[in-house]
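Below are the sequence and a predicted model for it; my questions follow.
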Amino acid sequence: MIPVLAVLAAAAAGGFRLAMPLLLVLILRRQDGWEQVPILGQFSPAVTLGILSAWTVWELLVTIQPWGMRLVQPLQVLFSPFVGWILGVMTAQVVGIPTGLWDMMGLMGSALALLLQLVQVGWFYRWGRFPAWVILVQDSLCGLLAVFALQAPQQGGLIALLLLWLALRMSKDWQRQFQRHRRAQAPD
């Protein structure tokens, strides 16, 4: 169960930012086999780490401004399932999940990353912009989850499950509010 919690923690990090969790998990990896990293292993380690570092800095700086958030969010929604899949498979490799389950862990990571990203988009358009403290919490939580995925998988997985529960609860509340609003707008 603890390896699955590690996968959930890494995937949840991919639901907040794209490059930061990939960069952190690649740095914290204990394996020497760069070729085993899904998709990213086909490229030079120096080039991949350089691109991920630049993307991380860009993502952190741009999301401070509302226009930057509007620019980054479509990319995050589009690529978060892909990043969640990579993080799920990569974490499954590191924590020793059998090879036959790697794709399932990738799909689970992909779904969780997309769900968390969609909830963030919903909150952004509901509030109009995120306060600076929310962005700081997101970035901190992203880094914390990526580190916990490999260093403390049980705690990271529990945080990811809590985030999943909050996301499902919020979506249910939004659905109720939408239905109430729709009923109020319906002609008699």
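Cool, the structure landed. Numbers count the residues shown, from 1 in each chain.

got the buried residues for the longest helix along the chain?
If you go by DSSP state H, the chain has its longest helix at helix 153-185. Within helix 153-185, the residues that count as buried by 16 or more other Cβ atoms under 10 Å are Pro153, Gly156, Gly157, Ile159, Ala160, Leu163, Leu164, Ala167. (Each C-beta comes from the backbone N, C-alpha and C, glycine too.)

likewise stretch 70-79?
Val72, Gln73, Gln76, Phe79.

quick one: which helix or strand includes the residue lying closest to the third one once chain neighbours are set aside?
Across the structure, with Cβ to Cβ, 6 or more residues apart in numbering as the measure, the residue nearest Gln76 apart from its sequence neighbours is Gln117 (5.4 Å). Using DSSP states H and E, Gln117 sits in helix 102-127.

what's whatever helix or strand comes next after that helix in contact with?
Once helix 102-127 ends, the next helix or strand along the chain (criterion: DSSP H and E) is helix 132-151. Helix 132-151 is contacted by residues 6-7, 9-10, 12-13, 16-17, 20-21, 24-25, 28-30, 60, 63-64, 87, 91, 94-95, 120, 130, 155-157, 159-160 when judged by Cβ atoms under 8 Å, 6 or more residues apart in numbering.

rerun that using 7 Å as the cut-off
6, 9-10, 12-13, 16-17, 20-21, 24-25, 28, 60, 63-64, 91, 94, 155-156, 159-160 (Cβ atoms under 7 Å, 6 or more residues apart in numbering).

what about burial for these, which qualify?
Applying 16+ other Cβ under 10 Å to the contacts of helix 132-151 flags 6, 9-10, 12-13, 16-17, 20-21, 24-25, 60, 63, 91, 94, 156, 159-160 as buried.

Show only the entries of those residues found in helices.
Those of the buried ones among the contacts of helix 132-151 lying in helices (DSSP H): 6, 9-10, 12-13, 20-21, 24-25, 60, 91, 94, 156, 159-160.

Show me the shaky parts of the protein.
30-33, 188 (pLDDT under 70).

please redo it, this time with the cut-off set to 80
For the chain, the stretches with pLDDT under 80 are 29-36, 126-130, 186-188.

before we move on, the earlier item: the residue nearest to Gln76 against Val77, yeah?
Yes - with contact defined as Cβ atoms under 7 Å, Gln117 counts as touching Val77 (5.3 Å).

what is in contact with these two at once?
In contact with both Gln117 and Val77: no residue, using Cβ under 7 Å, 6+ apart.

measure Ser80 to Leu24 for me?
Look at Ser80 and Leu24: by Cβ to Cβ, to the nearest Å, they are 16 Å apart.

quick one on the thing from earlier: mind putting the buried residues of stretch 70-79 into JSON lines with secondary structure and distance to Gly143?
Listed next are the buried residues of stretch 70-79 as JSON lines, based on DSSP: H, G, I helix; E, B strand; the rest coil; distance: Cβ to Cβ, whole Å:
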{"residue": "Val72", "secondary structure": "helix", "distance to Gly143": "17"}
{"residue": "Gln73", "secondary structure": "helix", "distance to Gly143": "19"}
{"residue": "Gln76", "secondary structure": "helix", "distance to Gly143": "16"}
{"residue": "Phe79", "secondary structure": "helix", "distance to Gly143": "18"}
